[in-house]
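1. show me the folded form of this:
(6 chains)
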6 protein chains.
Amino acid sequence: MVGADLANLANEAALTAARRNHKQVTMSDFMDALEKEILGTPRGMLLSPAERRRTAYHEAGHALVGMLTPGADPVRKVSIIPRGMTLGVTFAAPDIDRTNFEQSWLKGKIKVALGGRAAEEVVYDTVTSGAESDIQQLTEIARHMVGRWGMSPVIGPIAVLPSESAGPMLPGVSETSETTQRLVDEEVRRIVDESYQKAKQLLIDNRDKLDSLTEALIEQETLDEDAAYAAADVVRDPSPSKSEENPTGPDNPDN
Amino acid sequence: MVGADLANLANEAALTAARRNHKQVTMSDFMDALEKEILGTPRGMLLSPAERRRTAYHEAGHALVGMLTPGADPVRKVSIIPRGMTLGVTFAAPDIDRTNFEQSWLKGKIKVALGGRAAEEVVYDTVTSGAESDIQQLTEIARHMVGRWGMSPVIGPIAVLPSESAGPMLPGVSETSETTQRLVDEEVRRIVDESYQKAKQLLIDNRDKLDSLTEALIEQETLDEDAAYAAADVVRDPSPSKSEENPTGPDNPDN
Amino acid sequence: MVGADLANLANEAALTAARRNHKQVTMSDFMDALEKEILGTPRGMLLSPAERRRTAYHEAGHALVGMLTPGADPVRKVSIIPRGMTLGVTFAAPDIDRTNFEQSWLKGKIKVALGGRAAEEVVYDTVTSGAESDIQQLTEIARHMVGRWGMSPVIGPIAVLPSESAGPMLPGVSETSETTQRLVDEEVRRIVDESYQKAKQLLIDNRDKLDSLTEALIEQETLDEDAAYAAADVVRDPSPSKSEENPTGPDNPDN
Amino acid sequence: MVGADLANLANEAALTAARRNHKQVTMSDFMDALEKEILGTPRGMLLSPAERRRTAYHEAGHALVGMLTPGADPVRKVSIIPRGMTLGVTFAAPDIDRTNFEQSWLKGKIKVALGGRAAEEVVYDTVTSGAESDIQQLTEIARHMVGRWGMSPVIGPIAVLPSESAGPMLPGVSETSETTQRLVDEEVRRIVDESYQKAKQLLIDNRDKLDSLTEALIEQETLDEDAAYAAADVVRDPSPSKSEENPTGPDNPDN
Amino acid sequence: MVGADLANLANEAALTAARRNHKQVTMSDFMDALEKEILGTPRGMLLSPAERRRTAYHEAGHALVGMLTPGADPVRKVSIIPRGMTLGVTFAAPDIDRTNFEQSWLKGKIKVALGGRAAEEVVYDTVTSGAESDIQQLTEIARHMVGRWGMSPVIGPIAVLPSESAGPMLPGVSETSETTQRLVDEEVRRIVDESYQKAKQLLIDNRDKLDSLTEALIEQETLDEDAAYAAADVVRDPSPSKSEENPTGPDNPDN
Amino acid sequence: MVGADLANLANEAALTAARRNHKQVTMSDFMDALEKEILGTPRGMLLSPAERRRTAYHEAGHALVGMLTPGADPVRKVSIIPRGMTLGVTFAAPDIDRTNFEQSWLKGKIKVALGGRAAEEVVYDTVTSGAESDIQQLTEIARHMVGRWGMSPVIGPIAVLPSESAGPMLPGVSETSETTQRLVDEEVRRIVDESYQKAKQLLIDNRDKLDSLTEALIEQETLDEDAAYAAADVVRDPSPSKSEENPTGPDNPDN
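-> Next up, the predicted model:
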C-alpha cells in the first residue's frame, strides 16, 4: 500500500464511521473500510441456499483450522458476503506484524489455506473450483519453504528457485537441473499432503465445532473475532507467541 | 461482456422483436439476438445432405449427453444453422449463474463436450476435424481440474500450471519439473478417457433418442429447450441442484 | 483471399479471356488466372530433359494417387510448367467446399502429398529435395490429426499442441510433457508411414498408368481434369461423397 | 560504487561526525554512514522480545562462526537494529582488500553465511524465513566455485555456468547439458552440506560463547569489533593471512 | 543476389576486362569479378611456406573428391590466394542450374565439403580449425536431408526441423520431442561419417593425384577448370547428368 | 581492432617513445602501449606480499608451460603489475599471425591457460578464483574444438554448437538434442582434464624453473621475452613451426 491508498483507506473509514453515526472511527469501521478497499463493495448476488451453505462450510473450515492450530495467527473476521470475485472471506492477523516466518507457522498457514477445501471434502465428499486461490497461495508458500528458505531436508539451505527480483527480463534462464526441479516438486507435495491430512483430521475430530460455526455464519453472514471463536466454542490461546519465548524447546512436531 | 456489448445486445433484441411484430422483447427474441451477437449472422452456406446429417448427429450428441447427465446444465437450444466458423451449436445454461464449479459438474461438462464426437463415432465409426473447438475446451477444463483446482489425487491440492494472470511476459519460466508435467498429462488423459467411455456408452444405450433428436434437427434446423427434450423423449430433471442440498451425501461415483 | 485479391483475380481472368478472344470468361480462363495469381507467371526456365521427366513423374505420382484414392478430391489440373519456386503443380478440389474434414479424407490427403515422392522412389529408387513443401504440408496435417483433432488412439481426444491462435507472444510456454511430445512424434510417424506404404504400393500396382500419365505430361505440359483422367486411364468416381451418405457404414479400413 | 555514491558517502560521514561533535571523521562515523547508505535509516520498528532474541542469536551465529574460522575476514560490527528489510546485520571485512579468493576462504564465507541459520537450529531446533538472503548469497558463492572457478573435482576447471556479462539478451541459450546441470547441483549441495555440518558443530561446541555474545547484543543492540570479540570471549587471530605466507603448506582440510 | 549486386558484378567484370585489355568480357573476367565480389580483394597476406602448403592440400582435397565423385558438380577453379577470412577456395558449379537436389548429389556435396579436412588428416594426420565453414555447410545439408527432405529412413518423410521461414519471432517453440532430436542427431552423424570414410579412402587411394594437384597449386596459386583436372590427371566425366537420364537405374549405392 | 583503435595505439606508442626520449618507436614502446590500451593503466594497488607471491607463481605457471610446450607461441612478456581487473599478465604471440589453428596448437593453448592454476595447485595445494578468465577462455577453445571444428572423435566433423553469427535474436532455438549436448560436455571435460594433468606434471617435473622464474618476477615485476626465458633457464625453440614443415609426420601424441 502506498500513500495514496492509505489516504483513501482513512477516508473510507471516516465515511463508514459517519454513516454509522459514530463519533470516532472504531476498529470495526476501519476493518470494514479495509475489506471494502481490498475485496470491493458487496455484490447484490443471489446464491442458492445450497451454494451459500457450501460457502459457509468452506470459510468455517479455514477459520476453525486457524483457531485450532497452536501458534497460528488469530482469526479476526469470517464472512460469506459475496464481494468481487469471492464468495466469502476469512481474515487472520497476528497481534504484532511478523517480519520473519518460523517453519511451524508457515506449515500452519498452509494448513489454514487447506481448511476450506478440507471442510468441503469432509462435509460433501467432493471438492470445487472455489479453492483455486487458496491452492495458489499455499503452493507459493510451500515452494518458498523448499526452494528459497532452506526448509526441506532434501534440498538443504540452497536457493534453487529464482527470486522474484530476478525479473521478467531473464526468461528461461533456469540454471537448475530437471532433477532438482523434480525434488522440489516432491518436497512441495510432501509438505502439502502432510498439512492436508492434518487439516482434514482436525475437522473430522471437531465436526461439531465446524457445524456450529457454519450455522452461525449462515445466520449472521459475518462474524467478528469474538463471535467466531464463540460460535466455534474455541477458547482463544492467550499466549500466541509463547513457543517463541522458550528458545530451548523443540519445534512442535505435531504442526 | 462489458457495458457496450450489453447495450448492443439489448438493441439487437429490441430490433429482433420489432421485426417479428412482438410488442415486448420475448426470451426467444433475446436468445436469438445473443446467438447472432456471439456466433455471427447465419451464413447462406450450402451443406451437402450428408454433411448436414453428420452435423445434426454431432449436435444431438452434445445435447443428449447433456440431457442424460444428472446435475448438468439444462440444454436451452440446439441448432444446425451454419454461422461464422461453426456448422451448428448447442446451448446449455444453469437456472442461476454458477460461481463455483463442483468436480462432478466439471466432469459432466467434459462429457457433454465429448458428446458430439462420441455421436459421430457411434453412428459413422469415424471422426472429423469438426470437434477441434470441443477438444480445446474440454482439455482446458481437465487441465484446470488437475493443475489448478486440486482435483487429481495424483497431483494433490497444488498449483502446478501457471495461472493465466501470469501473463505472456514470462515465457518459459516454468518452475515445474518434467516429471510433474508428465503426471499432469496422464491425469488429464485419464479424466478425458473415462468421460469419453461414459459419453459413448450413454449414446449407444440411447441410440433411439439420438436418432429421433437428430431427425427433428434435420427437419426443423433449430430446437428450443422444450422441443429438444421432447424430440429426444427425455423428461427434464425437475431438481437440478438437488444433490447440492444434501451436504452429507457422497459425490455420485458414476459421473 | 480478401476482397482486393478477389478483384485482382476477376480482373486477371477477364484479361486472360480477352487475350484468348473469348467472349465470356470460361472456367479455364479463371483457373489459369488463379494459377498465375498463386504461383506466379511461368518462368522461361530451361530444365534438362532428365529433370523435366523427373518432375513429370513427381506430379503424375500426386495425381494418380489422388485419382485412385476413394473419397479424395478430384484432380482438376496437372502441370509441369515451372513457376516461381515450383517445377510443377497438381490441383485437386472437391465439388463443394469442405468445412469439416473426415479422418479418412485427411489420410487420403497425406497419401496424395506423398504421391510425388513415392513416384520418384518407385521410378528412380532415389528421392530429391523437391518434396520439401509436400513433406511440410503433410506433417502439418498429421500433427493436427494427432494433436488437435483427437484422431490418434494413443493421445485421445485431447489438445496437446498449441493452437495457432495462441500467437507468437507466448514463446516456450509449452505445458505439455516431453513424454507426450514423444508420443505425438511416434503417432505422426505411424500415420505417415502407413500412408507412404499405401501410396507406394498403389503406384507399383499401377505403374502402367503412372507411365502413361507421365508421358502425356511431358508431351503436353499441362493436363486439365478430363485429359488427366484419360491419360491415366482412370474412370472418375461418379459419387465422391457416397461414403458419407451411408451413416452406418464403417470407415474404410483400407484408407 | 561509482563516483557519485562515494561523494554521497563522504558527505554522510562528515554529517555524522558533525552531529557527534567530532573534529575529524572517525572510522566509526564512516562505518555508520556506510551502514546507513547500504541498509537505510534505522526503522522505529517494535520487535517482540522473542523475535529480538531470535534475531540476536541469528547474528551472533554469523559472527561467532566468522570469529572461529581460521582465515575468515575479521568481524567488524554486529547489530540487531532493524533497518529497511533487515532485522540485523553482521559486517566482516579483511584488513586489505581481496582481489582473489582462495577456495578455503570461500568455504569459510559459506560457513559464516550459514552461521545465522545454524544458530537458530541449534538454539530453537527450527528455522525461519529470515535466512533467505544468506541462502541466496551462499548459493551464488557455491555455484561460482563449482561452475566458474573450477573448484569442484567433479566438474573440473571448466566454465559450465553463463558468466554475468553474457547479459539478459540471450535467454535460454544454455549450451550445457542437463547431466552437467545435475552434477553442478549435486556439487553445490555437497559443498553447502559440509559447510553447514561444520558451522552447526562449531556452534554446539561453543554454545557458551554463542549465548554470551547473544546476551551482549540484546543488551547493547550494536557491538563493534572489540566489543564483539570480547563478548564472545574470542581472541582475534593476530595473523589472518598467515596461511598464505607459507606457500608449501597444504590447504587446511578442516575448513 | 538482388539487382544492385548484379549491376555491381557486371560493372566489376567490365573493369576487369578493361584492365586486361580484353575487347569483350570473357568468362574468366566474369569469374574473377564474381570471386572478388564474394570473397573480397586478395589480401597481401604472408603465409608461412608450411601454412601455404597445408592450404594447398586442403583445397586440393576438396577439388579431387569433387573430380572423383560421379555426378558431383565439375570443379571450375581452385585457388590459394588469401582473401577476406579465407586462405583458399574451390569453386564447383553444374552446367545448368539445379533446382532440385537428388539424395546422391547431396551426399556428394557433403563428401566434397569433407575433402579438405580429409586431405589434411591423410597428409598431416592432424586437423585444423580451418574446416569450420566446411563443417557448418555440410552439417546444414545433412540436417536438411534428415529433418526437412525425408532422406533418412529413421525419421521418414516428415518435417521435424523448423523451416527457416518460421522466423526468429517464435523462440523455443519446438514441438519436436527430445527423442526425435536425438534421432536426427544420430542420422546426421551417420550420413557425415559414411561420407567422411569415403572421402578419406578416395584420397588415400589417389594420393599421387592429390600430391600433383597440390604441387600445381603451390606453383601457380590459381588453377582454372582445365588446369586443375590436368594437374590431378583426372578426365572430366563427359556426361555428368547421365545417371538422371536413366529413370529405371537404382541410385548408385557407392555414393 | 578497427581503424580508430589502431590510430590510438600508434599515438600511444609515439607518446611512450617520446616520454622515454627514444628517437624512434621501439618494439618495447609499442608493446607497452598495446598493454596499456588493452589492460588499462597500472593501478597503484597494494598487494600483500603473500598475494604478490601467489600472483607471481600463477603467471610463472602460464609462462613456463608455454615455454616447455613444443609448438606453442613464444612467451613475449610476463608481468605482475596489477592493471584494471587483473593482477598479472602473460603475453604469448607467434612470429607470424596465425589464421588457422592446428589441433595440437589448440591443446597447447589450453595447457598454457591451465598453467596458472596448475602452478597454484602444485605450490599451494589449493586454488583461487583468480583463474576465472583463464577457465572461461580455455572452455571456449575446448567447446569450439568439439562443437565447431570437428576435433572430437565422439562428435565427428559436425557443427553441434550455434555459431556466434547466429546472433542473440534466436534464443533457445537449439536444434541439438540433450544427448549430443551431454557428449559435448564429456568431450570438453576429457580434453581439459588431459591438458591439466600434463600441465601439472610439467610444473612438478620443472619445479626448479618455476621457482626461479617466480623469484625473478617478484624482484623485477615485469620480464620481457629474453629475461623470462633466461630466468626460467629455458632455451627458446629455434624452429617453432618446424613440425608444420614435415607434412608426413604424425601429430605429436604427447601434446
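
2. A:Ile145 and chain E, how far apart?
-> Careful, residue A:145 is Met; it's not Ile. Taking CB to the nearest CB, to the nearest Å as the measure, A:Met145 falls 30 Å from chain E. In short, each C-beta sits where N, CA and C put it, glycine included.

3. report the secondary structure state of the residue most central in space within chain A.
-> In chain A, the centroid-proximal residue (CA atoms, centre = their mean) is A:Ala113; its distance is 4.7 Å. When classified by DSSP: H, G, I helix; E, B strand; the rest coil, A:Ala113 comes out as helix.

4. with adjacent residues omitted, what lies nearest to it?
-> The spatially closest residue to A:Ala113, leaving aside those adjacent along the chain, is A:Leu138, at 4.0 Å (CB to CB, 6 or more residues apart in numbering or on different chains).

5. quick check: the one you found touching A:Arg117?
-> No - under the criterion of CB atoms under 8 Å, A:Leu138 is not in contact with A:Arg117, lying 9.7 Å apart.

6. number of residues surrounding the residue nearest to A:Ala113?
-> In terms of burial, A:Leu138 registers 28 neighbours under the definition other CB atoms under 10 Å in any protein chain shown.

7. just for the stretch 51-200 of chain A, where's the confidence low?
-> By pLDDT under 70, the weakly predicted segments of the stretch 51-200 of chain A are A:84-85, A:97, A:163-174.

8. again, 80 this time
-> Residues of the stretch 51-200 of chain A that meet the criterion pLDDT under 80 lie in A:83-86, A:95-99, A:162-175.

9. buried ones in whichever helix in chain A runs longest?
-> For chain A, the helix that runs over the most residues, judged by DSSP state H, is helix A:178-205. With burial defined by 16 or more other CB atoms under 10 Å in any protein chain shown, the residues of helix A:178-205 counted as buried are A:178-181, A:183-189, A:191-192, A:195-196, A:198-200, A:202-203.

10. that one near chain D anywhere?
-> Yes - counting by CB under 8 Å from any CB of the partner chain, chain D is contacted by helix A:178-205 at A:178-180.

11. what about that helix and chain E, touching?
-> No - applying CB under 8 Å from any CB, one finds helix A:178-205 out of contact with chain E, separated by at least 11.0 Å.

12. so for the helix or strand just after that helix, mean pLDDT?
-> Moving toward the C-terminus from helix A:178-205, the first helix or strand encountered (DSSP states H and E) is helix A:207-220. With pLDDT averaged residue by residue, helix A:207-220 scores 97.

13. just checking, what packs against whichever helix or strand comes after helix A:207-220?
-> As assigned by DSSP H and E, the chain's next helix or strand after helix A:207-220 is strand A:222-224. In this structure, strand A:222-224 makes packing contacts with strand A:75-79, helix A:207-220, judged by 3 or more CB pairs under 8 Å, 6 or more residues apart in numbering or on different chains; DSSP states H and E.

14. can you count the residues close to the nearest residue to A:Arg236 once chain neighbours are set aside?
-> Across the structure, with CB to CB, 6+ apart as the measure, the residue nearest A:Arg236 apart from its sequence neighbours is A:Tyr229 (5.3 Å). The local packing of A:Tyr229 (other CB under 10 Å) involves 18 other residues.

15. which residues touch A:Tyr229?
-> For A:Tyr229, the set of contacting residues under the criterion of CB atoms under 8 Å, 6 or more residues apart in numbering or on different chains consists of A:67, A:75, A:235-236.

16. quick one: it and E:Gln220, what's the gap?
-> Noted for A:Tyr229: a distance of 102 Å to E:Gln220, by CB to CB, to the nearest Å.

17. just A:Asp211 next, same as before
-> With CB to CB as the criterion, A:Asp211 and E:Gln220 are 103 Å apart.

18. cool, A:Val234 as well?
-> 102 Å.

19. just A:Ala228 next, same as before
-> When distance is defined by CB to CB, A:Ala228 is 100 Å away from E:Gln220.

20. these two: which is more packed in?
-> For A:Ala228 and E:Gln220, the more surrounded residue by other CB under 10 Å is A:Ala228, and the numbers stand at 30 against 15.

21. sorry, back to before: so which of the helices and strands packed on strand A:222-224 is the most packed in?
-> Among the helices and strands packed on strand A:222-224, ranked by average contacts under mean count of other CB atoms under 10 Å in any protein chain shown, first place goes to strand A:75-79 (a mean of 24).

22. C-terminal to that strand, what's the next element?
-> Later in the chain than strand A:75-79, the nearest helix or strand by DSSP H and E is strand A:89-92.

23. C-alpha coordinates for that next one, PDB please?
-> Listed next in PDB are the C-alpha coordinates belonging to strand A:89-92 (Å, rounded to 0.1, in the frame of the first residue of the first chain):
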ATOM      1  CA  VAL A  89     -13.500 -14.500   3.200                       C
ATOM      2  CA  THR A  90     -11.600 -15.400   6.400                       C
ATOM      3  CA  PHE A  91      -9.200 -12.800   7.900                       C
ATOM      4  CA  ALA A  92      -6.400 -13.800  10.200                       C
END
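
24. now check that strand, is it near chain B?
-> No - applying CB under 8 Å from any CB, one finds that strand A:89-92 is not in contact with chain B, the shortest distance being 14.1 Å.

25. sheet-wise, list the partners of that strand with their directions.
-> strand A:75-79 (antiparallel) (DSSP bridges).

26. ok, and what's touching the partner strand?
-> When contacts are defined by CB under 8 Å, 6+ apart, strand A:75-79 is touched by residues A:31, A:35, A:59-60, A:62-63, A:66-67, A:88-93, A:213, A:217, A:221-225, A:228-229.

27. let me know the distance separating A:Asp134 from F:Leu213.
-> 69 Å.

28. apologies, that question was intended for A:Glu225.
-> Distance from A:Glu225 to F:Leu213, counting by CB to CB: 79 Å.

29. one more: A:Ala231?
-> 86 Å.

30. residues contacting A:Glu121?
-> Taking CB under 8 Å, 6+ apart as the contact definition, A:Glu121 lies against A:127, A:200.

31. now do the phi/psi pair for it.
-> Summarising the backbone geometry of A:Glu121 under the convention degrees, to the nearest 10, its torsions are phi -70, psi -40.

32. from the contacts of A:Tyr229, pick the one nearest C:Ala14.
-> Each of the contacts of A:Tyr229 was checked against C:Ala14 using CB to CB; the closest is A:Val75, at 80.6 Å.

33. ChimeraX command for the buried members of the contacts of A:Tyr229?
-> Under the burial definition 16+ other CB under 10 Å, those of those that qualify are selected in ChimeraX by:
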select /A:67,75
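
34. narrow the contacts of A:Tyr229 to those in strands?
-> Taking DSSP state E, the ones among the contacts of A:Tyr229 that sit in strands are A:Val75.

35. out of the contacts of A:Tyr229, list just those in helices.
-> Among the contacts of A:Tyr229, the members found in helices (DSSP H) are A:Met67.

36. hmm, which two among the contacts of A:Tyr229 are most spread apart?
-> Greatest spatial distance in the contacts of A:Tyr229: A:Val75 and A:Val235, 12.9 Å, computed using CB to CB.

37. what count of nearby residues applies to A:Glu12?
-> A:Glu12: 17 surrounding residues under other CB under 10 Å.

38. pretty sure it is touching A:Ala33, no?
-> Yes - between A:Glu12 and A:Ala33 a contact is recorded at 4.0 Å, counting by CB under 8 Å.

39. got the contact list for A:Phe101?
-> A:Phe101 makes contacts with A:149, D:128-130, as judged by CB under 8 Å, 6+ apart.

40. A:Leu138 too?
-> Counting by CB under 8 Å, 6+ apart, A:Leu138 has contacts A:109-110, A:113-114, A:192, A:195, B:157-158.
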